[in-house]
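**Q** from the sequence below, what's the structure:
(one chain, ligands or ions: 2)
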Amino acid sequence: MDKAAHHRKIIHIDMDAFYASVEQRDNPEYRGKAIAVGGSPEGRGGVVATASYEARKFGVHSAMPSKQARQLCPEIIFIRPRFSVYKEVSQKIREIFGRYTDLIEPLSLDEAYLDVTEDKQGIGSAIEVAKLIKQAIKDELSLTASAGVSINKFVAKIASDMNKPDGLTFIGPSSVEAFMERLQVEKFFGVGKVTAAKMKGMGLHTGADLKTLSEEEMVKHFGKTGRFYYQIARGIDDREVQPNRETKSIGAEDTFPYDLTEADEMLTELDRLSEIVARRLQNYQLRGRTVTLKIKYSDFRQITRNQSFAEPVGDTSIIAETAKKLLLATEPDGKSIRLLGVTLSNFGDLLKPAKDDHSNQLELFEE
Ligand code: DCP
Ligand code: MG
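**A** Residues are numbered from 1 along each chain as shown. Ligands and ions are numbered 1, 2, ... in the order given. I've put the predicted structure just below:
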């Protein structure tokens, strides 16, 4: 038996400039042009959902205010998103994945983990399966995807991002450990800005640096996720690819670099977090009935408050208003707050992508 047989074979697939590529495919006049999906046509308000690679050359990227995108790239064309089309494409790529494995864990409309340790067609090579999937996406949908192939989810996900667009990156069993040692901590999936800054402050810049800390020390400094980082730094990630897991909640939270004490500041943060949550809901094509506000005070006391609606909600304004009302009911002025979080849950069953394992929590709550 060869050595590789002891390892899982995991593929992470992520579509290239997803919404923008679909728009360029369906509207030939946009091909080769700098386009942004989302944001307002005049570049007045809103943020960019994604930009074509032509626009990215000017520095335009997801979540950038459209005004700034217009400044960086005056000829940029703003396009209204067509979510129903993206959802349709998403279903088609899942159908292609399904030819090779039933162990498919979608992370959003445009990305998924696949376990092809035993692929349905007996191909045996995960690299070959990834090539066939990329080719099918090209032939049948006229779109490109990038794939990462490795022995676990964590490394596969990082790998898929390394040679975009139209990339295929393989990190084999014997290279995983060295790969993780060289990896900068900010590239660690799940490490947000605040955590990365904290790590750097401690002189921890790479996976190799993280390995100098014991598991106990990691937990002491980084809480529960410290244990996860401890393992990941060693290239160990035993999480299974979980098909058909339901998304139970989508949220965003932020630990502030300094404690907030003024209600005005807190309300501004809630506007920002609500916008992130609304955008994520849109990416998953979900709406929820319950808005939950999480508050962590500087003394680490934590409370949550929630409000439920008869009908599912998903717009920034409703989420923000609800979160702010919940905050004001706690009489926050003068209190010292180090973290705020906004979460939507209690979804209708519009779509049931995978979710809620450790990786997704990390992703969904990225600062
Ligand atoms: N998206 C969004 N808002 C964000 C990030 C993404 O609305 N802040 C949407 C638009 C993207 C889609 O989700 O097309 C997929 O997100 P990705 O992060 O995979 O970005 P892209 O597929 O656009 O580009 P890449 O080629 O870097 O994967
Ligand atoms: Mg993508």
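**Q** list, one by one, the residues from the stretch 51-200 of the chain near ligand 1.
**A** Counting by C-beta under 6 Å from any ligand atom, the stretch 51-200 of the chain comes close to ligand 1 at 62-63, 110-111, 164-165. Yep, even glycine has a C-beta here, placed from its N, CA and C like the rest.
**Q** for those, give me JSON lines that also has pLDDT, distance to Arg338 and neighbour count.
**A** JSON lines is the format used below for these (pLDDT from 0 to 100; distance: C-beta to C-beta, whole Å; neighbours: other C-beta atoms under 10 Å):
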{"residue": "Ser62", "pLDDT": "91", "distance to Arg338": "27", "neighbour count": "17"}
{"residue": "Ala63", "pLDDT": "87", "distance to Arg338": "24", "neighbour count": "12"}
{"residue": "Asp110", "pLDDT": "94", "distance to Arg338": "34", "neighbour count": "23"}
{"residue": "Glu111", "pLDDT": "95", "distance to Arg338": "32", "neighbour count": "21"}
{"residue": "Lys164", "pLDDT": "96", "distance to Arg338": "35", "neighbour count": "16"}
{"residue": "Pro165", "pLDDT": "96", "distance to Arg338": "39", "neighbour count": "13"}
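**Q** and the residues you listed, which of them are in strands?
**A** Residues of these located in strands (DSSP state E): Glu111.
**Q** can you name the two of the residues of the stretch 51-200 of the chain next to ligand 1 that are farthest apart?
**A** Ala63 and Pro165 (19.2 Å; C-beta to C-beta).
**Q** who touches the helix or strand containing Tyr113?
**A** Take DSSP states H and E as the rule and Tyr113 turns out to sit in strand 111-115. By C-beta atoms under 8 Å, 6 or more residues apart in numbering, the surrounding residues in contact with strand 111-115 are 8-15, 93-94, 97, 100-101, 103-107, 129, 133, 153, 156-157, 160, 240-241, 354.
**Q** stretch 181-200 too?
**A** Contacts with stretch 181-200, where a contact means C-beta under 8 Å, 6+ apart, come from 154, 157-158, 204-211, 221-222, 225, 228-229, 232-233, 254-255, 257, 359, 362-363, 366-367.
**Q** for ChimeraX, write the select line for the buried members of those residues.
**A** Buried residues among the contacts of stretch 181-200 (16 or more other C-beta atoms under 10 Å), as a ChimeraX selection:
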select :154,157,158,204,206,207,209,210,211,222,225,228,229,232,233,254,359,362,366
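**Q** the contacts of stretch 181-200 in helices, which ones?
**A** Mapping the contacts of stretch 181-200 onto helices (DSSP state H) picks out 154, 157-158, 207-210, 221-222, 225, 228-229, 232-233, 359, 362-363.
**Q** residues near Asp299, how many?
**A** 9 (other C-beta atoms under 10 Å).
**Q** check contacts around the nearest residue to it once chain neighbours are set aside.
**A** Closest residue to Asp299 apart from its sequence neighbours, by C-beta to C-beta, 6 or more residues apart in numbering: Ser336 at 7.8 Å. Residues near Ser336 by C-beta under 8 Å, 6+ apart: 259-261, 297-299.
**Q** the one helix or strand Leu293 maps to pairs with which strands?
**A** According to DSSP H and E, Leu293 maps onto strand 288-297. Sheet partners assigned to strand 288-297 using DSSP bridges are listed as strand 302-313 (antiparallel), strand 337-347 (antiparallel).
**Q** isn't Lys164 up against Ser146?
**A** Yes: here Lys164 reaches Ser146: they are 4.7 Å apart, a contact under C-beta atoms under 8 Å.
**Q** are there residues contacting both of those two? Which ones?
**A** Between them, Lys164 and Ser146 share the contacting residues 14, 16, judged by C-beta under 8 Å, 6+ apart.
**Q** list only buried entries from the contacts of Ser336.
**A** Here, 16+ other C-beta under 10 Å leaves 260, 297 buried among the contacts of Ser336.
**Q** would you list the contacts of Ser336 in TSV and tack on pLDDT and distance to Phe83?
**A** Output for the contacts of Ser336, formatted as TSV (pLDDT from 0 to 100; distance: C-beta to C-beta, whole Å):
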residue	pLDDT	distance to Phe83
Asp259	93	38
Leu260	95	34
Thr261	95	39
Tyr297	95	38
Ser298	92	40
Asp299	90	42
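**Q** so which of the contacts of Ser336 reach ligand 2?
**A** Here nothing survives when these are matched to ligand 2 using C-beta under 5 Å from the ion.
**Q** mind picking the two most distant members of the contacts of Ser336?
**A** The widest separation within the contacts of Ser336 (C-beta to C-beta) is 14.0 Å, between Leu260 and Asp299.
**Q** next, the buried residues of the particular helix or strand that has Lys325 in it.
**A** Element membership for Lys325 (DSSP H and E) is helix 316-328. By 16+ other C-beta under 10 Å, the buried positions in helix 316-328 come out as 316, 318-324, 326-327.
**Q** tell me the spacing between Lys157 and Ile151.
**A** 12 Å (C-beta to C-beta, to the nearest Å).
**Q** any part of the helix or strand where Leu273 lies near ligand 2?
**A** Assigned by DSSP H and E, Leu273 belongs to helix 263-284. No: against ligand 2, helix 263-284 shows no contacts by C-beta under 5 Å from the ion, the least distance being 10.4 Å.
**Q** is that helix in proximity to ligand 1?
**A** Yes: using C-beta under 6 Å from any ligand atom, a contact is recorded between helix 263-284 and ligand 1, made by 279, 283.
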